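K.L.:
this one's sequence-less:
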Ligand code: PMP
């Protein structure tokens with residue numbers, strides 16, 4: 001605590017088959033990820049419990065599974081054969097230990113088409129693995145965010161599947177984020193082509209209406225967020241009713257509470273959407289916090305889970 005954040009530029013990274021200084025972990029300007037965004041990735045969190053003096057990696061196996069699934073969707077065949085879970089886990093733990101991490105941080109793990117001037121082809125090419133650690137930072141104001149609904153729509157599943165965390169697809173997220181910032185918002189909620197709510201730019205979205213937690217279902221052109229899954233499970237364990245269903249834009253304006261969640265975003269209350277304030281009701285019921293009652297409850301529990309303070313979710317953590 002109180003230290004300067006981890007300097008990723010001076011750290012060890014992993015590229016292809018070995019650890020290298022971050023400055024040497026580069027790919028060519030003629031490579032497929034640069035030319036066509038042909039890479040898939042995941043980002044998982046490292047959570048430092050300063051009281052316990054322990055570092056926990058969050059849901060490593062689930063991040064691996066999603067990475068493998070993204071590779072399958074993109075037809076980066078054979079990744080799981082070259083990189084079985086045990087090898088992935090050992091390499092990730094080695095990466096973290098080599099960098100002596102004692103603070104909250106994020107690990108970005110990428111599989112990329114490792115070829116030069118291969119055109120847009122995918123199948124049968126070489127696929128390589130890379131990973132690095134960077135500071136947790138704060139991609140959004142932790143106390144709460146003011147959102148708009150984007151004028152852009154989400155990539156549909158049969159154009160660039162949102163379920164695959166493919167780098168090329170993030171041009172969509174960047175257009176959404178760029179518009180939101182230029183218009184004075186922190187971030188945006190993006191709709192699908194039919195006008196239903198999908199997610200944020202790099203987070204999933206939840207609403208509370210009449211005490212029920214609502215989030216768009218997995219067929220809503222969204223990334224199946226690991227935080228989203230964690231929140232659903234934690235909420236149900238707390239006895240909160242959770243419904244996954246299509247969400248209309250107009251419901252955003254009627255929500256009693258709303259929040260965004262993701263590995264980098266963590267869990268962040270939404271203060272307003274399209275300048276409509278989310279009225280979280282009686283401020284005394286949530287200690288004057290911007291977060292409503294259910295959001296506050298989930299925020300607190302999710303924090304405890306990530307820092308190894310909730311024994312019932314220990315299977316989600318790996319002590320590094
Ligand atoms: N949606 C998108 C588009 C994202 O990029 C992210 C961040 N990975 C999320 C949702 C949240 O996913 P997760 O909880 O697995 O980080």
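P.N.:
Yep, it's here. What you see is a predicted model; the values in this text were computed from it and never measured.
K.L.:
The helix or strand that contains residue 258 - contacts with which helices or strands?
P.N.:
Using DSSP states H and E, the element containing residue 258 is strand 257-262. Using 3 or more CB pairs under 8 Å, 6 or more residues apart in numbering; DSSP states H and E as the contact test, the elements touching strand 257-262 are strand 204-209, helix 226-237, strand 266-273, helix 293-306. Placement of C-beta: from N, CA and C, glycine included.
K.L.:
and the ligand, which of those is closest to it?
P.N.:
Closest to the ligand of those is helix 226-237 (CB to the nearest ligand atom; 3.1 Å).
K.L.:
Quick one: mean pLDDT over the next helix or strand after the closest one.
P.N.:
The C-terminal neighbour of helix 226-237 among helices and strands, as given by DSSP H and E, is strand 242-244. The average pLDDT within strand 242-244 is 98.
K.L.:
Give me the neighbour count for residue 146.
P.N.:
18 (other CB atoms under 10 Å).
K.L.:
quick one: contacts for the closest residue to it other than its chain neighbours?
P.N.:
Counting by CB to CB, 6 or more residues apart in numbering, residue 146 lies nearest to residue 272, which is 4.8 Å off, once chain neighbours are set aside. Counting by CB atoms under 8 Å, 6 or more residues apart in numbering, residue 272 makes contact with 146, 147, 278.
K.L.:
how about the residues of the stretch 51-200 of the chain that lie near the ligand?
P.N.:
Proximity of the stretch 51-200 of the chain to the ligand (CB under 6 Å from any ligand atom) is limited to residues 173, 199.
K.L.:
Could you rerun that using 8 Å?
P.N.:
The interface of the stretch 51-200 of the chain toward the ligand, taken as CB under 8 Å from any ligand atom, is made up of 63, 66, 162, 165, 170, 173, 199, 200.
K.L.:
In helices, which of the residues you listed fall?
P.N.:
When these are checked against helices (DSSP state H), the matches are 63, 66, 170, 173.
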